[in-house]
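> Need coordinates for the below:
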Amino acid sequence: MSGLVRQLCLMAAAATCALATTGCGDASSARANSASVTVVASTDVWGDIAATVGGRRVNVSSLVTSPDQDPHTYTASARDELAVSKADVVVQNGGGYDDFMRQLVAAAKADPTVIDAVDVSGLTAHGGEPNEHVWYDLHAAEKVARAMAAAFGKVDPTHAADYASNARSFDSVIDRLIRRESVLKRQVEGVGVAVTEPVPLYMLDAIGVADETPVAFSRAVEEGGDVSVATLDTTLGLLTGHRVAALVVNEQTADPFTERVKAAATAAGVPIVGVTETLPDDVHYPAWMARNLDHLDTALSPR
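Have a look, this model is predicted:
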């Protein structure tokens, strides 16, 4: 086990008590009563970071917590509405990713502090096209963590220094991952890959990898639309012609077009790297991002 992975595991263990309540309505009454700040996050990605920054004094509920739930099409329940109405702080991804959260906040009679990750990140476009998957940008995750610390401190000024300290600890771990991206970039910069969706593009950019996928293909898969024969043929040609070093697949999407490119990659011996939009089971954000970098390193680095 590497030193970085060990540190990530220790950090995850420290956050376990706070994260035990993630998932709307799962908090024990004793834990809920001891919390100073109530937070509702649209997804478990932001909920995980909120719990790390807030520690024991923050009660976090995440609405989208399963790979089977698509934030783009998620339908909020009455339970979700109640949770948001009682929240001190709401964390949404923004950028059109989780519009249900904006609707919940608008309907709430309360006036929670809203942290919009896309707005906080400052990442408004990717290659001329908006890309709302900002949690794959490690700098963005740090910015959102700091915004959380500031928001928690306003609700609970007595412990503002603790929240700020927790955010700095989070930054220190993420900074190590950012340095690792820089090291990996020196090894793989300029290598071409194909993707099924734009989910991981910020991380691929950070390591200097070029996305060779036709935009029409990845956009159609992301939006659940049809892919033209010409676009599919071009995408398949990247794999059958060995013009890319790997195929990066959103494992939470299953459609005929994704299956076609996966089959082509397998037949051509092109490595497939899986990514997800929600946290894998029993993994916290920093360890998840480290795992993604491990997989990219294995697939792309010269051996």
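> drop to CA atoms for contacts and neighbour counts, all remaining ones
OK.
> so who does the residue nearest in space to the middle of the chain touch?
Nearest to the mean C-alpha position of the chain, counting by Cα atoms, centre = their mean, stands Trp135 at 3.9 Å. Trp135 sits next to 45, 141 when contact means Cα atoms under 8 Å, 6 or more residues apart in numbering.
> What distance do you get for it to Asp211?
Applying Cα to Cα, to the nearest Å, the value for Trp135 to Asp211 is 18 Å.
> Kindly report the same for Val37.
Val37 sits 41 Å away from Asp211, taking Cα to Cα as the criterion.
> so what's Leu279 up against?
Going by Cα under 8 Å, 6+ apart, Leu279 touches 44-45, 65, 285, 288.
> how about JSON lines for those residues, with distance to Thr124 and secondary structure added?
Output for the contacts of Leu279, formatted as JSON lines (distance: Cα to Cα, whole Å; DSSP: H, G, I helix; E, B strand; the rest coil):
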{"residue": "Asp44", "distance to Thr124": "22", "secondary structure": "helix"}
{"residue": "Val45", "distance to Thr124": "20", "secondary structure": "helix"}
{"residue": "Thr65", "distance to Thr124": "25", "secondary structure": "coil"}
{"residue": "Tyr285", "distance to Thr124": "22", "secondary structure": "helix"}
{"residue": "Trp288", "distance to Thr124": "24", "secondary structure": "helix"}
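> Where does pLDDT dip in the chain?
1-34, 125-129, 303 (pLDDT under 70).
> got the buried residues for the longest helix seen in it?
When the chain is parsed with DSSP state H, its longest helix is helix 160-188. Residues 160, 162-164, 166-168, 170-171, 173-174, 177-178, 180-181, 184-185, 187-188 are the ones in helix 160-188 that count as buried (16 or more other Cα atoms under 10 Å).
> that older thread, distance check, the residue nearest to the centre of the chain against Arg186.
As judged by Cα to Cα, Trp135 and Arg186 stand 23 Å apart.
> burial measure for Lys86, as a count.
Neighbours of Lys86 under the rule other Cα atoms under 10 Å: 17.
> My understanding was that it contacts Thr113; is that so?
No: look at Lys86 against Thr113 with Cα atoms under 8 Å: they stay out of range, at 11.5 Å.
> mind listing the helices in the chain by residue range?
Taking DSSP H as the criterion, the chain carries its helices at 3-19, 29-34, 44-54, 78-85, 99-107, 117-121, 138-155, 160-188, 201-206, 215-223, 229-240, 256-268, 285-300.
> Glu277 is nearest to which of those helices?
Closest to Glu277 of those, according to Cα to Cα: helix 44-54, at 8.1 Å.
> who's in contact with the closest one?
15, 18-19, 22-23, 39-41, 58-65, 91-93, 135, 145, 148-149, 152, 163-164, 166-167, 170, 278-279, 284-285.
> Now do it against helix 160-188, angle only.
130 degrees (axes from the mean of the first three to the mean of the last three Cα atoms, to 10 degrees).
> Would you mind giving the domain segments of this protein?
3-180, 182-300 (automatic domain parsing).
> And the shortest one, end to end?
Looking back up the chat, that one is domain 182-300. Domain 182-300: ends 14 Å apart by Cα to Cα.
> next one: stretch 220-238
17 Å.
> Same check on stretch 192-206?
Start-to-end, stretch 192-206 (Cα to Cα) is 14 Å.
> Any chance you could list what contacts that stretch?
So stretch 192-206 is in contact with 131, 133-134, 136-138, 181-182, 185, 209-213, 217-219, 221-222, 235, 238, 243-250, 258, 275-277, going by Cα under 8 Å, 6+ apart.
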